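Q: Provided below are the primary sequence and the corresponding predicted coordinates.
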Amino acid sequence: MGFFDGWGQLQHLGDLPLWRKLMLGCIVGLWVLLGTRHVSKAADLYASAPHIPVPEAKQVYPVHVEGGYLRYVTKKEAEEWECLNTTIGPIIGVLAVTMGLLLVLPCNPRAS
């Protein structure tokens, strides 16, 4: 599997230093874990939460799930969803940028 380094020369992932390979593996693993958790929670809310408030079940807190669909959940579920959206979303973005930089920046910029 090849990629372009920062200077436009085609490199191979096998040419990366060990520390970059380990970082990439950890980032991909964390990215998949957090992303899966977010998507799983969104799918669960979309499938199980009502689209109208249900005061008897205390599902009166509105949340927007994937695609902007409005669902009503309990206060605890609304707080969990807000936490997922405000923390995990940016973390996934930072991990993606870091992974891109590890792949794109030259392995040894001082070597000519």
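A: That came in fine, so what should we check first? Numbers count the residues shown, from 1 in each chain.

Q: In terms of pLDDT, where does K41 sit?
A: At K41, the model reports a pLDDT of 91.

Q: now do the one 5 residues further on
A: Y46 is assigned a predicted lDDT (pLDDT) of 93.

Q: where's it, which helix or strand?
A: Assigned by DSSP states H and E, Y46 belongs to helix 18-48.

Q: The residue nearest in space to the middle of the chain: which element?
A: Centroid-nearest residue in the chain, with Cα atoms, centre = their mean: I92, separated by 3.2 Å. Using DSSP H and E, I92 sits in helix 89-104.

Q: Show me which residues of that helix are buried.
A: For helix 89-104, a neighbour-count test (16 or more other Cβ atoms under 10 Å) marks 92, 95, 99, 102-103 as buried. The C-beta positions use only the backbone N, C-alpha and C, and glycine is treated the same way.

Q: name the helices or strands packed onto that helix?
A: Contact analysis of helix 89-104 by 3 or more Cβ pairs under 8 Å, 6 or more residues apart in numbering; DSSP states H and E lists strand 2-4, helix 18-48 as its packing neighbours.

Q: Nearest approach to Y61 belongs to which of those?
A: Nearest of the helices and strands packed on helix 89-104 to Y61, taken as Cβ to Cβ: helix 18-48 at 11.2 Å.

Q: Next secondary structure element downstream of that closest one?
A: strand 61-65.

Q: Can you give me the buried ones in that next one?
A: The neighbour-count check on strand 61-65 (16+ other Cβ under 10 Å) flags 61, 63, 65 as buried.

Q: Distance check, G68 against I88.
A: For G68, the distance to I88 (Cβ to Cβ, to the nearest Å) stands at 18 Å.

Q: Looking only at neighbour counts, state which of those two leads.
A: With neighbours defined as other Cβ atoms under 10 Å, G68 and I88 compare such that I88 has more, 16 against 6.

Q: lowest-pLDDT helix or strand in the protein?
A: strand 2-4 (a mean of 54; mean pLDDT, DSSP states H and E).
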